[in-house]
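*Asks:* Got a predicted structure plus its sequence, pasted below:
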Amino acid sequence: MARDQIDMTPLQSRDELVAWLSAGVKPASEFRIGTEHEKTPFTLEGHHPVPYEGAHGIGALLEGMQLLLGWEPIMERGNIIGLYDVTGGGAISLEPGGQFELSGAPVETVHQTQSELMAHLAQVREIAAPLGIGFLGLGMTPSWSRAQIPVMPKGRYKIMTNYMPKVGQYGLDMMYRTCTVQTNLDFSSEADMVKKLRVSVALQPVATALFANSPFTEGKPNGFLSFRSEIWRDTDNARAGMIPWAFEDGMGFERWVDYALDVPMYFVKRGDDYIDVSGSSFRDFFEGRNSAFPGERPTLSDWANHLSTIFPEVRLKRYLEMRGADGVPWGRLPALPAFWVGLLYDDTSLDAAWDLVKHWNAAERQALRDDVPRFGFKARIKDRYLFEIARECLTLAHAGLRRRGRIDHLGRDESRHLEPLDQIIDSGQTPAEEMLAKFHGPWHGSVEPAYDEYAF
């Protein structure tokens, strides 16, 4: 999310941490869909990264968006770093390398997600085009080295940039060179949360394959279909991955709290300052043993902020976040919420999806997740290709969305938003394979045409 939480009540007991999560439980009638997507800004002239500073920079882009939208600016040390829609609940924020993120408002239907996206793109274009800025819909920047990419003026990113190389080889690539699209969904009880979490963790590799869209690094094929997904395998495994313990007996909010207590922290925010506590656990902080805050106990804000620095394939906050997909061009963005809503917000499809994955063990799930970045649909689990499983999931998603019966102004249900995925399954190829074919054919071994064909 764009904004770090502010609630300065000191925490007294572990029960409060559990209660904070379980406050996310809501009746199915109040379920919402939140979609977040990141896109890489580039200069229309020359296809270079866009700096923060200057008349044609990211700061100027945000200032223009603020004037256009009337949203509240999010400031840090005098710099505008995001915007917040006080009425609707949406936000615009910056990832470390300037990736421009829309965190959509919580909406009721995928139709509304699409409308929100279309409005956002029109608004962004209106401000960005005169500044000479375009946006790229790929899972990773296809041509730039890490050294070329500017750093956004956010305190938490400085701390993360220093910490990342200590815990994995790809953390800085994750921060500065990748983009994702993510869907956030609700649960009606602890048991409902657990079921949705297990189904979506197990099936996250399906989304990774369907959305695989990052086959290039610094102008050349990198040997993967989703290099963004590969990056997450060696970013920081203390806070990422397939969380096998979530499939064990006794899983619930308490188990997540115990996991999060031991995930190393990055920072503690006090006022405008980010204090580097990287590597220390929240558990020690909770017991008054953080060396930067001796004897002090964390607040609910500290807890909420810490939960936002944990990066498993599916993340629990007061809702569930699907984290397995590469960023894609705008026409394919609504397909991600459509896919997960169809599987998880319809009980018949959810039961069928659980039947599909419940016989897989932790080692099998992990092997599938490890193979999918390179092999896409050709990855296997037990004796099945992921392609077959993806096709089944798409069938279940279609049926779930039809049963939901949310109709747009033309009388169509939400299953129409799955059309881009239907085309992918019909072709038998991931988007990355289609792009690699262009690279080796009509693009003549250059990634430059991507800045036209995959731009927003």
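*Replies:* Received the coordinates, thanks. Remember, predicted model here, so these are calculated numbers, not experimental data. Numbering: from 1, shown residues only.

*Asks:* Let's see the helix or strand where Gly82 lies as PDB, backbone CA atoms only.
*Replies:* Element membership for Gly82 (DSSP states H and E) is strand 79-84. Coordinates of each C-alpha in strand 79-84 appear next as PDB, following Å, rounded to 0.1, in the frame of the first residue of the first chain:
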ATOM      1  CA  ASN A  79       9.200  15.600  -1.800                       C
ATOM      2  CA  ILE A  80       5.900  14.400  -3.200                       C
ATOM      3  CA  ILE A  81       6.100  10.600  -3.300                       C
ATOM      4  CA  GLY A  82       2.400   9.600  -3.800                       C
ATOM      5  CA  LEU A  83      -1.200  10.600  -3.900                       C
ATOM      6  CA  TYR A  84      -4.200   9.400  -1.900                       C
END
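
*Asks:* who does the helix or strand following it pair up with?
*Replies:* As assigned by DSSP H and E, the chain's next helix or strand after strand 79-84 is strand 91-94. Strand partners for strand 91-94, identified by DSSP bridges, are recorded as strand 79-84 (antiparallel), strand 100-103 (antiparallel).

*Asks:* Just say which of the ones you listed is most tucked in.
*Replies:* The highest average neighbour count among the strands paired with strand 91-94, using mean count of other Cβ atoms under 10 Å, belongs to strand 100-103 at a mean of 24. From N, CA and C alone the C-beta is placed, and that goes for glycine too.

*Asks:* that older thread, now the strands paired with strand 91-94 in JSON lines, with mean pLDDT and distance to Ile159?
*Replies:* Formatted as JSON lines, the strands paired with strand 91-94 follow (pLDDT from 0 to 100; distance: least, Cβ to Cβ, whole Å):
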{"stretch": "strand 79-84", "mean pLDDT": "98", "distance to Ile159": "15"}
{"stretch": "strand 100-103", "mean pLDDT": "97", "distance to Ile159": "19"}
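
*Asks:* The strand holding Gly82: how far from the chain's middle?
*Replies:* 19 Å (Cα atoms, centre = their mean, to the nearest Å).

*Asks:* Check stretch 388-402 too.
*Replies:* 22 Å.

*Asks:* now do stretch 258-266
*Replies:* 20 Å.

*Asks:* now the helices: where do they sit in the stretch 251-400 of the chain?
*Replies:* Listed in chain order, the helices of the stretch 251-400 of the chain (DSSP state H, counting those that start in this stretch) span 253-262, 282-286, 300-307, 335-344, 347-357, 362-375, 386-404.

*Asks:* Of those helices, which stretch is the most buried?
*Replies:* For these, the highest mean count by mean count of other Cβ under 10 Å goes to helix 335-344, at a mean of 29.

*Asks:* Who are the contact partners of the residue positioned nearest the centre of the chain?
*Replies:* Among the residues of the chain, the one closest to the centroid is Gln182, at 3.9 Å (Cα atoms, centre = their mean). Applying Cβ atoms under 8 Å, 6 or more residues apart in numbering, we find Gln182 in contact with 35-37, 321-323, 325, 336.

*Asks:* Hey, what's the angle from the one helix or strand Thr40 maps to to helix 335-344? Just curious.
*Replies:* For Thr40, the host element (DSSP H and E) is strand 33-43. Here strand 33-43 runs at an angle of 160 degrees relative to helix 335-344 (axes from the mean of the first three to the mean of the last three Cα atoms, to 10 degrees).

*Asks:* okay if I get the helices of the stretch 251-400 of the chain as TSV plus mean pLDDT and distance to Gly134?
*Replies:* Formatted as TSV, these follow (pLDDT from 0 to 100; distance: least, Cβ to Cβ, whole Å):
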stretch	mean pLDDT	distance to Gly134
helix 253-262	98	38
helix 282-286	96	40
helix 300-307	94	33
helix 335-344	99	22
helix 347-357	98	38
helix 362-375	98	27
helix 386-404	98	31
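
*Asks:* Out of the ones you listed, the one nearest Leu172 is which?
*Replies:* helix 362-375 (17.9 Å; Cβ to Cβ).

*Asks:* quick one on the thing from earlier: as CSV, the helices of the stretch 251-400 of the chain with distance to Ala437 would be great.
*Replies:* Below are these laid out as CSV (distance: least, Cβ to Cβ, whole Å):
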stretch, distance to Ala437
helix 253-262, 41
helix 282-286, 47
helix 300-307, 41
helix 335-344, 21
helix 347-357, 30
helix 362-375, 17
helix 386-404, 17
